[in-house]
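**Student:** Here's a sequence, model it:
(2 chains)
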Amino acid sequence: MKLTKFIEFLRNRLKTVIWISCAILVMVVVLDAIPAVVDKEHAHTAAEHWVGFWSVFGFTACVVIILVSKWFGHLGIMTREDYYEAASSDVTADRSAAFRRQNVASDNALPPKGGAPGSKHGHTPKGGHHE
Amino acid sequence: MNSFWLHPSLILIFGSLLLLLVPARLKKAYLFLIPVLLFARILTMARGEFGTVHFLDWTLVFGRVDALSSVFGYIMSLMCIIGTLYGLHVKDDAQHIAAWFYVAGSIGCIYAGDFLTLFLFWEIMAFSSVFLIWFRRRKESLSAGYRYLLVHIAGGLALLGGMVWHCQTQGSWAFDDSFCKLAVHHATPATYLIMIGFILNAAVPPLHAWLPDAYGEATFNGSVFMCAFTTKTAVYALCRGFAGLEILVVLGVIMALYGVVYAVLENDCRRLLAYHIISQVGYMVAGVGLGTQMAINGACAHAFAHILYKGLLFMGCGAVLHMTGQSKFTELGGLWKKMPWTFVFTLIGGLSISAFPLFSGFVSKSMIVQAGFEEHKLWVGFLLMLASAGTFLHTGLKVPYFIWFGKNKPKQETWDRAAEPPWNMNVAMIIASALCIFIGCYTPYLYKMLPYPEVAGEYHPYTAYHVFETLQILLFTGLGFFLLLKKLVPEPTISLDMDWFYRKGGRAFLWLARKPIQAADTFVGELYRVAGLVPLMVSARVAGLFDNEVIDGIVDGFAESIRGIGRRLRFAQRGQMQQSLAFAFAVAAILIIAFLLYTNALAR
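**Tutor:** Alright, predicted model coming up:
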């Protein structure tokens, strides 16, 4: 497929792609500094008149979001995937086991068995894919 | 009803009922036809109030067609076409029926002219959409569906309580602009209750946890519907009822940032997108709170664009889920070789949501930010800008990078299953992508539909300043992303959110029910047995004696006499039950006709 080839073409020249990207970044800041190109008359605050204000804003925003969120997440917000299941009571565990037994056909990734309820959805022309 | 007015929701409701009768070979054509009919109906609807029904003491208005409802009706019916097309190959009729009822509920809310009608359709939405979660048929989806339903029932109750209270004091069920002015400047507890009902559906924190919980767990195409309708119907209701309510600005900005923070932590791509719904709806809620014509335009335009690009993103990630069976970043990676076109479509969705120039978000989101600056609320403008950096970081970069590239290698089984999705899913994604780009490039298409087209006409998103401002923010966010890539590598975790309270709280309740309450119950039972049972037995024996001697005598006497009557009537019986019934109906019909003729004659 042509699209795959194109992506491969870019991946093989990763260094060039990175250089071009950096050049674009520099170009955007330089153009922003030229009053003839970017008219800053309608800026809302004085700070926006500084050259590259929004570049610094964007970069800082990105770093702050990542660092603050990860710090917040590691305070205990991020937890193991079976957090809600592990502590489940006997009653719910029994019920969910019973439910699993009923829905075994649609739970696994095997092609659906003929006529089983609930195995109708998710057919693709290439065979029974289930999410 | 003054004259016959076909409610657009009826097309979907009857369409979905008839779906069961359509033969299998015509089903795909039929599934395409009904949403197209719906769209055509909405395009041809004249402005005004229609479908007025007098019910008991109330006047119900089913069809209030004005500028605000038209723009929402338009995009929702359009999304119905795209969403149905996306799931066209799903052979389970029930899934299509649930989706169509859900859309019908949503469109009913949009055109509802009074509170009672609004509430009716509001509940139809909640009760039909839950099936889109259950139909995934996993253990988790069952419980996620119940949680979704319970939260929405609670929201519905708040809404109903507020409505009844409000209407008790106002003496009117009308849901219109007069209500809007009242709500904003003389807010009563009743209006706040209604607001709680609305903002729960808009997923405003702390009432938002149902959204990632449910949308991450729904079927691959169910999420495509769900991401478009519930929250945007709530945005519509807020636009209608609460434009200019100050608190919504604060809530909206909190939402916009909250979604961004949680999206960093998320490992499931569809849950990440769900958190970004919260973030994006935050812009709309803030716009409603600002309440100026520009801001309301912005909220509507952003809802319009959002339905398309978020649908597109959910379609892209849904395609990955559908084809590979995986939606977690830690289970995916390097899929560009297998699903390159899905990557391109998802990227278009990502660029649209990030408000890249030439994509739809650019022309809609900026209106809200601009309205914030114009109202001299600088903090609103800057914080929303901050959130849009986060949007690009996750949806524009993290989602495509970690699914289609990245260092992670999926399992062999996942890799083998991965392939481009069926044609109908591709076509749906192509349509949505094309619309995202079209809206971004040709602004009059969207701007002319907005509630205040003359204000929108004066707004020009493509100024050099705005383009460069956006490019700088987004491109340098991209730089930050690649520099901090190591920090962003997904971790196989889940994030605790507000649903902790009812998921763990529910467990505490169960424990309470099983341990202390049961003990108390046993104790009371024992007490009852000792103190109550013995006297009861004695009194029962006395009552038994009375029953045998006195009551039986009377009953037997009755039975005897009825048997006697029966013996005499037996001659009139003609045997067959059906004949007797037909005879009875015929007599009843003749009596009714005679009665009608008689009253008519009297009237003359």
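
**Student:** so who does B:Ala218 touch?
**Tutor:** B:Ala218 is in contact with B:Leu132, B:Ile133, B:Arg136, B:Ser141, B:Met226, counting by CB atoms under 8 Å, 6 or more residues apart in numbering or on different chains. Heads up, the C-betas are built off the backbone N, CA and C, glycines and all.

**Student:** Need phi/psi at the last one.
**Tutor:** Put plainly, it is B:Met226. With angles defined as degrees, to the nearest 10, B:Met226 sits at phi -60, psi -40.

**Student:** any idea how far it lies from chain A?
**Tutor:** Remark: distance between B:Met226 and chain A (CB to the nearest CB, to the nearest Å) = 15 Å.

**Student:** One more: the second one?
**Tutor:** Counting by CB to the nearest CB, the gap between B:Ile133 and chain A amounts to 13 Å.

**Student:** My guess is that residue contacts B:Gly145. True?
**Tutor:** Yes: at 4.0 Å, B:Ile133 counts as touching B:Gly145 under the criterion of CB atoms under 8 Å.

**Student:** Which one's more surrounded, these two?
**Tutor:** Between B:Ile133 and B:Gly145, counted using other CB atoms under 10 Å in any protein chain shown, B:Ile133 has the larger neighbour count: 29 against 22.

**Student:** Can I take it that that one is in a helix?
**Tutor:** Yes: counting by DSSP: H, G, I helix; E, B strand; the rest coil, B:Ile133 is found in a helix.

**Student:** which stretches of chain A form strands?
**Tutor:** A:78-79, A:123-124, A:127-128 (DSSP state E).

**Student:** Could you check how many residues crowd around the residue of the stretch 101-250 of chain B found nearest chain A?
**Tutor:** Using CB to the nearest CB, the single residue of the stretch 101-250 of chain B nearest to chain A is B:Arg137, 4.5 Å away. By the criterion of other CB under 10 Å, B:Arg137 has 22 neighbours.

**Student:** and it, backbone torsions?
**Tutor:** Note on B:Arg137: its backbone torsions stand at phi 60, psi 40 [degrees, to the nearest 10].

**Student:** if I pick the closest residue in space to B:Tyr452 that isn't next to it in sequence, what's in contact with it?
**Tutor:** Closest residue in space to B:Tyr452, ignoring its immediate chain neighbours: B:Gln293 at 4.3 Å, by CB to CB, 6 or more residues apart in numbering or on different chains. Neighbour list for B:Gln293: B:Pro451, B:Tyr452, B:Val455 [criterion: CB under 8 Å, 6+ apart].

**Student:** what pLDDT does the closest residue to B:Leu475 other than its chain neighbours get?
**Tutor:** In this structure, B:Leu475 finds its nearest non-sequential neighbour in A:Leu25, 5.6 Å apart by CB to CB, 6+ apart. Here, the pLDDT recorded for A:Leu25 equals 93.

**Student:** repeat for B:Ala299
**Tutor:** Confidence score, pLDDT, at B:Ala299: 95.

**Student:** And for B:Gly259, the neighbour number?
**Tutor:** By the criterion of other CB under 10 Å, B:Gly259 has 28 neighbours.

**Student:** wait, it sits on B:His276?
**Tutor:** Yes: with contact defined as CB under 8 Å, B:Gly259 counts as touching B:His276 (5.6 Å).

**Student:** With chain A in mind, check whether the host helix or strand of B:Gly282 reaches it.
**Tutor:** Per DSSP states H and E, B:Gly282 falls inside helix B:269-290. No: Helix B:269-290 stays clear of chain A (CB under 8 Å from any CB of the partner chain), getting no nearer than 10.3 Å.
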